[in-house]
Structures are given as C-alpha cells and as structure tokens.
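Trainee: one predicted model, sequence on top.
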Number of protein chains: 2
Amino acid sequence: MTLDLEWLDDGGITAAAGFQASGIHAGLKRNKKDLALVFSDVPGSAAGVFTTNRVKGAPLLVSIPRVRAGRLQAIVANSGNANTCNGPGGVEDALAMGRRTAEVLNIPEEMVLVASTGVIGQRLPLTLIGAGIPEAAARLSRAGGSDAAEAIMTTDTVPKQAALRLALAPGEPPVTIGGMAKGSGMIHPNMATMLAFISTDAAVAAADLQKALRLAVDRTFNMISVDGDTSTNDMVVVLANGRSGAPVLLPGTDRFDRFREALTALCARLARAIARDGEGATRLLEVRVKGARTEHDARLAARAITASSLVKTAVFGNDANWGRIICAAGYSGAAFDPERFDIYLGDLPVARDGQGLDFDERRASQLLARDPVVVTVDFREGDGTATAWGCDFSYDYVRINADYRT
Amino acid sequence: MTLDLEWLDDGGITAAAGFQASGIHAGLKRNKKDLALVFSDVPGSAAGVFTTNRVKGAPLLVSIPRVRAGRLQAIVANSGNANTCNGPGGVEDALAMGRRTAEVLNIPEEMVLVASTGVIGQRLPLTLIGAGIPEAAARLSRAGGSDAAEAIMTTDTVPKQAALRLALAPGEPPVTIGGMAKGSGMIHPNMATMLAFISTDAAVAAADLQKALRLAVDRTFNMISVDGDTSTNDMVVVLANGRSGAPVLLPGTDRFDRFREALTALCARLARAIARDGEGATRLLEVRVKGARTEHDARLAARAITASSLVKTAVFGNDANWGRIICAAGYSGAAFDPERFDIYLGDLPVARDGQGLDFDERRASQLLARDPVVVTVDFREGDGTATAWGCDFSYDYVRINADYRT
C-alpha cells in the first residue's frame, strides 16, 4: 500500500484539528518545563496500551479504566516524578491532579488522562501541580505542541514529536495524525512504552482505534530498546476527535487500513526518535531480520540483538563483532538454523552460511560509524521479517545513570 | 544441614586425588597462557550442563555426547578463540584438538573433553594448538592447577579456583572437590555458564553426578549475570574419579546429600568469583529475595534485579535508587503484590509495604559502596527464596567491550 502521506514539519500533538496544548514550569524540576496539558475542543474516542510491568504507576491505575471507557478530552502529564510506589496516597494524588484539570477545563473528571514520569517512590508535589494546572490551561494554544513535548522530557536531550496528513479516500477531507513522546532510559517496552500521546481528527470508534493502535505499537514502540528495563509508567494513548470532517472509519475498509498504516508510520517515527535519543546514545541502531520461520521468530531475534549490551558497546566502538549479533539471536528464543544465516553491516556481507567472511574491516568500521547503523540478519528459511531499533552503549549511559537522583 | 567442610586455600582443579593439570602459552594470545590441560590418572564419571544458546560452539558439539556417555579422563581447553560459527571446519578442528590430546596422553579419544573460549567466527589456529598440547602434557603436575586456571582466562582479571574437603560420613576417608572457572563478559547463564571445570575424588555414578550438578548449577552459575548475554560456549563439567577411597555415593542417602551440598558450595564460590570479576565491575552485587510465593518467583525477581543496567549503574554511583530495584522485579515475571514488598540495602530498610521510607541517604550510600553490596527484597507472601549475584556497571565495561577484537 502506498500511502502518499505528507509529513508536517514541526508538527506535533496539536497538528490535528481541534487540539490545543501547553507546557509550563510548575516547579518539579529546577529550570525546565515539567507540566504538559493537551485539550480537544470536543470529546474524542480514546485507545491506549500500557506497561506490562507488575508494578504500575498510580497515574496508570487511574488512567487505564478511563481509556477503557473509550472517551477522553484532555491529557495532563508531569515529568520529574513518576508517582509510583506511593501506596494509596499516590492514587489519591493522581486523582486530585486529574480532578483539578477537569475543574479548570470545565469537563467531567473521567475525560482527563493523567500521566507522570520521573523518579519512583517520592510523593507528587501536589501544591506545585495544583498551582500549575490553571497556568497551563491559560496557555493552551494551537501553537503549544512543542512546549508540551518539552514538558514531558526527563533525560531526553531533544523533544520528540511528529505529524502527518493524508487523504483516506479521493475527494474527502484529509485527516491529520500528530503526536509527542518521551523516553530515554528504562526503555524496553513490552506491550507499550514510556509516554507517547497521539491526537487525530479522524473519526473512529474507540474499539476500532484500539485495534489500529495495538498493531501500530507492536511494530514500533514494542520494537525499541535502550537498556532492557521495562518501565512502570509506560503508556501510548491516542485520542481521535473526528474534527477533520472525514467520514467515520470502519474496520475492513481500505480507508481504515490506510489510517492504520499512517498511524503505524507516525508511531515508528516517534519510536525511532526515542531509540536515537537513548541515554548516552551516539547513534541509532536499526536491526532488520528477514527469512525467519515466522514473524514472531524475526521479532524475538531483532529485539534481542538491539538489546544486547555487547552488541551495543561494539557499535559504539565501531567494532564489526558479528559473533555477538548471532550470539544474541541464539539466546533470543527464535528458531533458526545456526549453519544457514547471513549477516550484513549496511550492505557489506560479514557472515554467510553461518560462517564469517573475510571482509574489509576498515569498510565495516566506516559502516558502523554511520547514523543510523543498519544490521541485517537473514535466516534464509521463511518469510518472517521484523525491524527493531536501539542505540549504541557509551560511557555517557553509565554517567547519566550512576547518579540519576542526585 | 551443617556440612563442616574445610576450604583449601589456593586449591583448585588438582586438589582432589589423582588429578594433574597444566597451563601454557601456545601462541593464540600475545603474552598470556592460553592452553589448559587437566588429566585424571584413571577415567572417571562425568556430568555436565551446557549453554541453551541455539548457536553452540564447535567444542560443545563434540563434547556434549562425550559427557552424555558418562566417562572422561582429560580436559583440553583454549582461550583466545571460541571456535564458534566456523561451520563443519570448526567441528573438524575441535575433533582434531581432542584427538591430538588423546594421542599424547595415550587414552581413547572419547575420554577427552574439548572446550574453547574467546572471539566468535575465526578458525582455530590448529598448528599452534597441536604444538602446544605435547608441551602442556609434559608439564602436567599436581601443582599445575593455578596455571590451568590462568590459561582459560579471557577478559578475566583474576583466575578463579576453589577447593574444599569434607567427610561424607564418620570414619570414612574425606572427599575433595576442586574446580576452576572463567568468565567476565557475555555472562547471563541459562542452564549453564561460561567455562567451569570441577574435579572430585568422590566415587559416584555419572547419572547421579548429573543430578547433583544440575541442582548445584541452578542455584549458583544460573544465578549470576554480568551483562545479560548468554554465551554460545558455556559449560560446567564435573569429573569424579573415585580416588578418595570413600564408598560410592548413592542418591537418597545422607552422604549423597552432603556431597551435593558441598558441590553446590563450591559452585557458588566459583560463580560469585565470576560475578565479582564481571567486565568493568568494581564490586559484587548480591540480591536476596525472600517471602516469594514460590522459589521460581524468587529466582525470576533476583535475576532480573542483578541483570538490570539501571540497578547496576545506580550501584556504581552509590545511588539508593530502590525504584529501579522494584521496577526490575516488576518486569521479571515474578508474581507479587506491588503494595506489600519491603526492600533493604544491607540492613537498612528503604521501602516498606510497597512505599519508600524516609531513610538516611548518607548511610545508604555507604552501604552501596561496600563490597559486596547486599540488597534484600521481601515480598512477604510465602516461603520462596533465592539469591542471585551480579556486579555494578562502570565506564570500564564500555571501554572493555567497545573494541574487544582489536
């Protein structure tokens, strides 16, 4: 399917019709924006996927039932504090944060999604947040997407946002999908990932939106890894307000498939941005697995390779140590014949039929110094393919994480 | 069970009666010993556990059936080259390495265990090894255990060996168990680990020895992690030659249980030595999980915590970030109630009932600066306990692995 979609430069969570946003400094962090607000002028269909970590942040306990109910109109999110492992008091704080937002925006409490990211195990400074919400509401605007994207950052070095527009069928109004994400460490999503918020003016029922999001997340956010740690607060939520004027999307139609592919493309861009901005990363690592017996096998192998500390340090050092690549595939749980695989760095073959080739080491080092670094593993057994994204592993990852709290 | 066992200082693979060893420089590495030989003056019962990586080194393909046959008399092992991913030629090389050893020692080929560790995907320099084997055989001695332990090192900074002696029943000759191990990176054993060779003069049938080893490995080598990467060449092999004069060990007896516990104690010492010497490690991390619903849950949680890059960097930075500890337990797959756990750093409680305590940060930093660092997580739900070992994550891990091959 060729989508003919148009990427909107500098577009983000407010690119779609009817969405406004803001990001302000409420005081949780020293000098940086730390409170984001997103508002749709009409309630919309909601869908979301959430962390599989047994320990879930209080905001997730509050927000998951609201997403399941299928309708949302606003998102309030803070950085600097994850509001996780705070017992019943943490849940009360998350509820209060949502309630204050609802009051200020004059919408029902259940229409507010609450999210938090930051350090675990410290109570939320509710006074600061309570004072920040009216200010954030006052600053809501169509131009506020970048501020919101900034306000959800933690160790991220750049804000992450993207937007695209496409016509789902000839002669009808185009729909827009935009989004923002944050994440740099504790990134090894399983079913969901860090924070990502997506807005669209397409019209789609919540249950159908959920199906489209599930597929998109499995192929994008669930295929990135920075450090193998699955966070307690991961969530990807999409809000569709129907304001484009395009007809309602119905599963099983070409229009729906186009929307789903476009949503997947948007998620892929945000996911790659998270991997590229992994803590201490100097470049993006893209691992393509093909020829696997099943897509599941391809996914297992691709993810294990991007998550391997040994592969990641070798990429950092421009060292064409392909033995580590196949070692990671070997313990990934993927089924393959160890005497049949081929491996490429960029377009350079380094192993064939399960054995090393006498390749040009200098050329290999050059390919490993590129951004992104592209590794392809071909099992030559079936049609299963998958792509995963990660990053290299540098001294700075250790520096950043050795004293995160202090 | 109190074992009343005696640790033998400086003892290793030759501590048990009838074993000799040597370690020489055959030329695979620049200036270091790289070829180890172990010889028992009589054939003994053999047992072993091997990597679960789908990609297995050629020496494992040759050695696994020999261990399964239950009898061995010699071990030949090289460092500097893993002889893995070399196709049929690699298997021929491993067979040739064993055959040459058998000729020189004048024993049947099937009595020789072959092992290799080092870089993946380069053919074994067979001429060097072929010339080294007679030299190693000429140097076999009761005092050669330390040389052998040195010759199997790769990025290890210290040789790892241990030996103990105990009487299995009053009035009978004591038995001795000794061993050596190597491993520093690519350490996240699953069913087995890097190279560990154990010798004993106890008399025990191969099948019974296998049972004792399986249990010992599950509680020791399978509970360590350095970097989450399960190697292609892991093996733990034990050789029992019966030379102590103590009666044959029979399962279901108190004597057998004592032997098994002593074997586990020896494996634990070697496993801890591997974790402590993890690439770039500055100290050992010991994670004790108790109060879990089952031992399986405790094992999952303990291993995930020791394997977490975020926990490991926090330990390196003396940062009491217990949120990362419970986050790792949360994604480990272990079942527990997120509102019930307690966490201790050393003897200092830092979280209770699933929430953070207002603890003394300076005292916590001091406890994290100790070697070993001891973390205890109590789920307060059942009787399941497990201990896992890892190490902190320092800049040197990145330095060591960024250009391992060059």
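Mentor: On my side now, so go ahead. Numbers count the residues shown, from 1 in each chain, chains lettered A, B, ... in the order given.
Trainee: look up the closest residue to the closest residue to chain B within the stretch 51-200 of chain A, ignoring the ones flanking it.
Mentor: Of all residues in the stretch 51-200 of chain A, A:Ile120 sits closest to chain B, with a separation of 2.5 Å (CB to the nearest CB). The C-beta positions use only the backbone N, C-alpha and C, and glycine is treated the same way. Nearest in space to A:Ile120, with sequence neighbours left out and distances taken as CB to CB, 6 or more residues apart in numbering or on different chains, is B:Gly323 at 2.5 Å.
Trainee: that neighbour: what secondary structure?
Mentor: At B:Gly323, secondary structure determined by DSSP: H, G, I helix; E, B strand; the rest coil is helix.
Trainee: tell me which element the residue lying closest to A:Val377 once chain neighbours are set aside is part of?
Mentor: Nearest-residue entry for A:Val377: A:Val289, 5.0 Å, with adjacent residues in sequence omitted and distances by CB to CB, 6+ apart. Assigning secondary structure by DSSP states H and E places A:Val289 in strand A:284-292.
Trainee: contacting residues around the residue nearest to A:Val377?
Mentor: If you count contacts by CB atoms under 8 Å, 6 or more residues apart in numbering or on different chains, A:Val289 has them with A:298-299, A:301-302, A:305, A:329, A:334, A:376-379, A:384-388.
Trainee: again, 10 Å this time
Mentor: For A:Val289, the contact set (CB atoms under 10 Å, 6 or more residues apart in numbering or on different chains) comprises A:295, A:297-305, A:329, A:332, A:334, A:336, A:341, A:375-379, A:384-388.
Trainee: for ChimeraX, write the select line for the buried members of those.
Mentor: Buried residues within these, by 16 or more other CB atoms under 10 Å in any protein chain shown, are selected in ChimeraX with:
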select /A:295,297,298,299,300,301,302,303,304,305,329,332,334,336,341,375,376,377,378,379,384,386,387,388
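Trainee: tell me the pLDDT at A:Ser225?
Mentor: Reading off the per-residue confidence, A:Ser225 sits at a pLDDT of 72.
Trainee: returning to what we had before: mind checking which of the contacts of A:Val289 are in strands?
Mentor: Members of those lying in strands (criterion: DSSP state E): A:Val375, A:Thr376, A:Val377, A:Asp378, A:Gly384, A:Thr385, A:Ala386, A:Thr387, A:Ala388.
Trainee: could you measure the closest residue to A:Leu209 other than its chain neighbours against A:Ala69, distance?
Mentor: Computed as CB to CB, 6+ apart, the closest residue to A:Leu209 that is not its neighbour in sequence is A:Ala47, at 4.0 Å. Separation of A:Ala47 from A:Ala69 (CB to CB, to the nearest Å): 11 Å.
Trainee: same deal with A:Tyr331?
Mentor: Relative to A:Ala69, A:Tyr331 is positioned 41 Å away (CB to CB).
Trainee: and for A:Leu8?
Mentor: Distance check for A:Leu8 against A:Ala69: by CB to CB, it reads 30 Å.
Trainee: same check, this time on A:Gly330
Mentor: Counting by CB to CB, the separation of A:Gly330 from A:Ala69 is 44 Å.
Trainee: more crowded one of those two?
Mentor: More crowded of A:Gly330 and A:Ala69, by other CB atoms under 10 Å in any protein chain shown: A:Gly330, with 26 against 12.
Trainee: check contacts around that one.
Mentor: A:301, A:304, A:336, A:338, A:341, B:51-56, B:84-85, B:229-232.
Trainee: go on, A:Gly12?
Mentor: With CB under 10 Å, 6+ apart as the criterion, the residues that contact A:Gly12 are A:19, A:21, A:38, A:144-149, A:159-163, A:178-181, A:197-199, A:270.
Trainee: ok, now with 8 Å
Mentor: The neighbourhood of A:Gly12, defined by CB under 8 Å, 6+ apart, consists of A:Ala21, A:Gly145, A:Ser146, A:Ala148, A:Ala149, A:Gln161, A:Ala162, A:Ala163, A:Gly178, A:Gly179, A:Met180.
Trainee: helix/strand/coil for A:Gly178?
Mentor: Each residue gets one of three states, and A:Gly178 gets strand by three-state DSSP.
Trainee: how many neighbours does it have?
Mentor: Look at A:Gly178: counted by other CB under 10 Å, it has 25 neighbours.
Trainee: quick one: the helix of greatest length in chain A near chain B?
Mentor: Of all the segments of type helix in chain A, defined by DSSP state H, the longest one is helix A:254-276. No. Judged by CB under 8 Å from any CB of the partner chain, helix A:254-276 and chain B are separated, with a smallest distance of 15.1 Å.
Trainee: pLDDT below threshold where in the stretch 201-350 of chain A?
Mentor: Under the criterion pLDDT under 70, the flagged ranges of the stretch 201-350 of chain A are A:226-231.
Trainee: spell out which parts of it neighbour chain B.
Mentor: If contacts are counted using CB under 8 Å from any CB, the residues of the stretch 201-350 of chain A sitting beside chain B are A:227-232, A:307-310, A:313-314, A:316-324, A:326-331, A:334-336, A:338-339.
Trainee: of those, just the buried ones, ChimeraX syntax please.
Mentor: Restricted to buried positions by 16+ other CB under 10 Å, the ChimeraX selection for those reads:
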select /A:227,228,229,230,231,232,307,308,309,310,313,314,316,317,318,319,320,321,322,323,324,326,327,328,329,330,331,334,335,336,338
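Trainee: what is the burial count for the closest residue to A:Ala320 other than its chain neighbours?
Mentor: The shortest distance from A:Ala320 to any residue other than its chain neighbours is 3.6 Å, reached at A:Ala364 (CB to CB, 6+ apart). Look at A:Ala364: counted by other CB under 10 Å, it has 19 neighbours.
Trainee: many thanks, I have nothing further to ask.
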